[in-house]
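Asks: fold the following and give me the result.
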Amino acid sequence: ICKSKYFTRNLSLLKSMLDLCMNVLFNSLVFNFNLVNSFLTNHVVTFHIFSIPSPPVHLTVSPAAERLRYILGDDEETMPTPTLFTEMDTLQHEGDELEWRESARWVKFEEKVEEGGERWSKPHVSTLSLHSLFELRTCLQTGTVLLDLEGYSLPQIVDDIIERQIEEGLIGPELKDKISFVLLRKHRHQTKKPIHRSFADLGKSGSGGSECSIFKTVPVSLSIPTHIVHNSRSMNDIAETPSTDQMKNKFMKKIPRDAEASNVLVGEVDFLEKPFVSFVRLSQATTLGGLTEVPVPTRFLFVLLGPPGKAKSYNEIGRAIATLMVDDLFSDVAYKARDREDLIAGIDEFLDEVIVLPPGEWDPKIRIEPPKKIPSADKRRKSVFSLNELGQMNGTAGGGGPVSDEEVMPAPHELGEELAYTGRFCGGLILDIKRKFPWYLSDFYEGFHIQSISAVLFIYLGCITNAITFGGLLGDATDNYQGVMESFLGTALAGTVFCLFGGQPLIILSSTGPILIFEKLLYEFSKNNGIDYMELRLWIGMHSCIQCFFLVATDASYIIKYMTRFTEEGFSSLISFIFISDAIKKMVGAFKYYPINIDFKPDYVTAYKCECLAPDPKVIDPLQGLNVTALDWTQLSKKECVKYGGSLVGKSCKYVPDLALMSFILFFGTYTMTVTLKKFKFSRYFPTKVRPLISDFSIFMSIMTFVGLDMLIGLQTPKLIVPTDFKPTRAGRGWFVMPFGKNPWWVYLASSVPALLVTILIFMDQQISAVIVNRKENKLKKGCGYHLDLLWVGVLMAVCSFMGLPWYVAATVISIAHIDSLKMESESSAPGEQPQFLGVREQRLTGILVFVLTGVSIFLAPILQFIPMPVLYGVFLYMGVASLSGIQFWDRIKLIMMPAKHQPDFSYLRHVPLRRIHLFTLLQIVCLAVLWILKSTFLAIIFPVMILGLMVVRKMLDMVFSQHDLAWVDDILPGKEKKKKVDEKKNTKKDKKKGKGGEDREDVSVLVVRLLKERHRLLGLK
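Replies: Prediction:
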């Protein structure tokens, strides 16, 4: 040690280290460690040893990590290890009989038998004491370890264990029968309750019910009859085959099919003077009858019997090995261990990863809830091969130590090979077809799932509402050249064709605001200049189709690669806010049409009346043939009175029911109920299979609930109006537009100029929506097809122009809603395990059904007319709000109103100063406000150009923010990798100047921890 360069550079460090070594190694036997041992026993602990600045040193890999590298080195070539179900049984008295009683179980998290013995606890994270882990390590060092034992029954396995203990001189032959008798007692599981306990006895659980606890176990005093000693079968009290209760146990549903069992048996007996410890791994998993709660074959067996007085310690050691066995990394080691030292190396690696908690800063009685997300086993295995060095033990815990390279920078901005520039004619299109063709059949049969039904109902209602809204606005803007009927037919035609042949069938096509404004300006231009609107529109659509073909052939979608999170979130947030504002505007409009009767006074109800007075006979047109005197004007309705020319007189003539208030109830109730039911899968009510079903059908259930409420009350709220006759909205126009004959020849060429603006609008709207749908967060596995999508949008532009139908492009909010309604999550098998997002159900069936239903909606008018429009406005509001979830921009806006101590633990908050985050968010808000202002004026036609402007603004942000900051709050633009590396080098130099020797301080701390471990090992052996 003295010759090491590390110490010769700093004499003060050398002196401190020599003093430490002398105190720990040479004075350990005489030093009073009672306080330290009690401190370690108090559950989980943490401590800081000391910090000594010193020169940098080269870190070396720990021996445990080196051994695990060798054990798990060929992990990719072997089959994955099965999931382990671990059960811990403790030795108990049942009258004069002995039995093993189940006290805890693990699949992923720990479940304890509550002290009353009548129920399982909630799944929780196991909290272990360091002392129990060190004692477990000593047990494995001094006890018997049998690996790949050939076992076919529990008595045979027990005999082999005892024989090995006798051979190794750990126990005497006279203890064989006693130990065998104890280990072969019957096992009482939590599902099998004592028959003799009555309802009256349940009230005594405060006294007698606590006998199940290991902490109050009475030492077992054995007096084995002679006839039992000579009869091996009488010594076995365990059934050879699983019982009926085991076979019918519903807990089997929580355990994977290929799972194997690990049994832990702990107890205290009075005939042992030192612990009897054994760890067994069977060569093949074997069903050992009634040993396990469920009929799962046993692969591992851990036995700990010890002298009286240490029941709590034995229980903690049993919990420690049980927790280790369900740990992903240690279970791999247990399956592949070749000898005792491999198991000990696994424990050492586990100790290196343990996060310690101070005993004075938390309550050990509190059960820690299972986390929503835990590190994957693969990530932990990689840490063994790359990060498990002596200076990095517990380094990343709580952000208090060195951070790995993977955590320094987030994942780079990658859109995949779909946007790679090929340089060949239609190269990207050909690759899209090759990529999507193998999945074509699966796109249909994978749609046959109950989740698809809820998605179809949800998106269908959104589409028909959108079609009716835009159809009505188009009719007003174009003098009914395009109306609701054209909107329905165009939505059905374009959507069905796109979902059948498009590259990303999860995208939903719809009319958009910029297209509506373009149609309005185009119609006014045609009307003022004497040009036929439909013919001009046809040629614009044909030119735009050809321009889309040109963009597809030249791989122009490559430009989307330069569209980062800044642009995507600005666009998607704008569309979401449009949906939210439109829904609210329509509800505010309802208060104008149906004002609340503020002036109504119930006390003067006698003064409220309304009469219909007959008109003056001289004023009536004789051509109407109306006989004024023959009518009973007092019996006419309000509409009839006005129709026949009468006058309404009275204070109550202007009275209308509170339809606005009822509409608001329907609107807000639909939204609130949908949000509540959508989160129902995370609630604690109803069985596991029912909760996802309620969540999937939340939209449908909310709509049906408030449609029923509206019908029950019977008020004349505004209803959904669907056309019933299949004919064009404007009389005199057909379903096809002729390309020639009504406009001058030069119009056919000049129409290419406005077509260019339409092409930019279509290109940007379509591709931005496609990028949002194809985000890596959605975990799409079948790839996407930007070029193929744009090709079919161009084709549909020409088809819709010939038929006089609206133009369609990807609808961002409805597409996001489609994605959300098809998200898949893992079935939560292990108790306490949170469902993990697996991806999206990628298929074409839901989109096709949505648009087919839209097309036949004219035949469903008698049913659809019962749906109130406020209910559909509530669905619109939900779509807008739901599409904001998961947008980092929206999360950063909320941070502005939060104090720092209440802010969520977002990853970018750890790496970027808060003032820089707020500055970046403020710039995004300004850009969004500019887009909103432009959208609200006639300048909305240049909306696509402003999206390109967002990309220019993002480019300019490189001069305001460092690449490190942009990597966390946005994405790094292509070609900026070199600049990022330069920033990283600068940051590294600054860190070195701020504090040299940070690694050395960690290295010194690690050395002391290893010395303490060695001390515990020596004391345990002694």
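Asks: can you count the residues close to the closest residue to P657 other than its chain neighbours?
Replies: Leaving aside its sequence neighbours, P657 sits nearest to L715 (CB to CB, 6 or more residues apart in numbering; 5.6 Å). Yep, even glycine has a C-beta here, placed from its N, CA and C like the rest. L715: 16 surrounding residues under other CB atoms under 10 Å.
Asks: surely L715 is within a helix?
Replies: No - remark: L715 does not belong to a helix; assigned using DSSP: H, G, I helix; E, B strand; the rest coil, it is coil.
Asks: was I right to think it contacts L661?
Replies: No - look at L715 against L661 with CB atoms under 8 Å: they stay out of range, at 9.7 Å.
Asks: the helix or strand hosting L693: which residues count as buried?
Replies: Assigned by DSSP states H and E, L693 belongs to helix 690-696. By neighbour count with 16 or more other CB atoms under 10 Å, helix 690-696 contains the buried residues 691-696.
Asks: now stretch 524-543
Replies: Buried residues in stretch 524-543, counted by 16+ other CB under 10 Å: 526, 531, 533-543.
Asks: ditto for stretch 108-117
Replies: 108-115, 117.
Asks: a markdown table for the buried residues of stretch 524-543, including secondary structure?
Replies: What follows is the buried residues of stretch 524-543, written out as a markdown table (three-state DSSP):
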| residue | secondary structure |
| --- | --- |
| S526 | helix |
| I531 | coil |
| Y533 | helix |
| M534 | helix |
| E535 | helix |
| L536 | helix |
| R537 | helix |
| L538 | helix |
| W539 | helix |
| I540 | helix |
| G541 | helix |
| M542 | helix |
| H543 | helix |
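Asks: what values do phi and psi take at E524?
Replies: Note on E524: its backbone torsions stand at phi -60, psi -40 [degrees, to the nearest 10].
Asks: which pLDDT does the model give it?
Replies: pLDDT, E524: 82.
Asks: what is the burial count for the nearest residue to P868 once chain neighbours are set aside?
Replies: Leaving out its chain neighbours, the residue that sits closest to P868 by CB to CB, 6+ apart is T717, at 4.5 Å. By other CB under 10 Å, the residues close to T717 number 20.
Asks: over to T717: give its phi and psi.
Replies: phi -70, psi 150.
Asks: residues in contact with it?
Replies: 659, 662-663, 666, 710, 868-870 (CB atoms under 8 Å, 6 or more residues apart in numbering).
Asks: one more time with 7 Å, if that's ok
Replies: Applying CB atoms under 7 Å, 6 or more residues apart in numbering to T717 gives the contacts 659, 662-663, 666, 710, 868, 870.
Asks: gap between it and K372?
Replies: 41 Å (CB to CB, to the nearest Å).
Asks: cool, Y335 as well?
Replies: Distance from Y335 to K372, counting by CB to CB: 28 Å.
Asks: more neighbours, these two?
Replies: Taking other CB under 10 Å, Y335 and K372 do not tie; Y335 has more neighbours (17 against 9).
Asks: the helix or strand hosting V747 packs against which elements?
Replies: Assigned by DSSP H and E, V747 falls within helix 745-750. Judged by 3 or more CB pairs under 7 Å, 6 or more residues apart in numbering; DSSP states H and E, the packing partners of helix 745-750 are helix 533-553.
Asks: not counting its own residues, what contacts the helix it packs on?
Replies: When contacts are defined by CB under 7 Å, 6+ apart, helix 533-553 is touched by residues 425-426, 429, 478, 481, 522-523, 526, 737, 739, 742-743, 747-748, 751-752, 754-756, 758-759, 762-763, 787, 790-791, 793-795, 797-798, 800-802, 804, 807.
Asks: any idea of the mean pLDDT for the helix holding V747?
Replies: Taken as a whole, helix 745-750 has a mean pLDDT of 82.
Asks: what does stretch 360-379 give?
Replies: For stretch 360-379, mean pLDDT is 77.
Asks: which of the residues in it are buried?
Replies: Residues of stretch 360-379 classed as buried: 367, 370, 374 (neighbour count, 16+ other CB under 10 Å).
Asks: can you tell me what sits against stretch 476-485?
Replies: 468, 471-472, 474-475, 516, 519-520, 523, 533-534, 723, 727-730, 733, 804, 806.
Asks: are any of the contacts of helix 533-553 buried, and which?
Replies: The neighbour-count test (16+ other CB under 10 Å) marks 426, 429, 478, 481, 522-523, 526, 737, 743, 747-748, 751-752, 754-755, 758-759, 762-763, 787, 790-791, 793-795, 797-798, 800-802, 804, 807 as buried among the contacts of helix 533-553.
Asks: quick one on the thing from earlier: now the buried residues of stretch 360-379 in a markdown table, please, with extra columns for secondary structure and distance to Q451.
Replies: Shown next, in a markdown table, are the buried residues of stretch 360-379 (DSSP: H, G, I helix; E, B strand; the rest coil; distance: CB to CB, whole Å):
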| residue | secondary structure | distance to Q451 |
| --- | --- | --- |
| R367 | coil | 33 |
| P370 | coil | 25 |
| I374 | coil | 26 |
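Asks: kindly reformat those as CSV containing distance to V588.
Replies: What follows is the buried residues of stretch 360-379, written out as CSV (distance: CB to CB, whole Å):
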residue, distance to V588
R367, 49
P370, 45
I374, 47
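Asks: looking at these, spot the one nearest R684.
Replies: Nearest to R684 out of the buried residues of stretch 360-379 is P370 (CB to CB; 13.7 Å).
Asks: for stretch 471-481, what is the distance to the chain centroid?
Replies: 42 Å (CA atoms, centre = their mean, to the nearest Å).
Asks: what comes into contact with the helix or strand harbouring I433?
Replies: Using DSSP H and E, the element containing I433 is helix 427-436. The contact list for helix 427-436 (CB under 7 Å, 6+ apart) reads 422, 503, 552, 555, 557, 783, 785, 787-788, 791.
Asks: tell me the first helix or strand C-terminal of it.
Replies: Following helix 427-436 in sequence order, the next helix or strand is helix 442-445 (DSSP H and E).
Asks: so for the helix or strand following that following helix, mean pLDDT?
Replies: Next along the chain after helix 442-445, taking DSSP H and E as the criterion, comes helix 450-477. Mean pLDDT, helix 450-477: 79.
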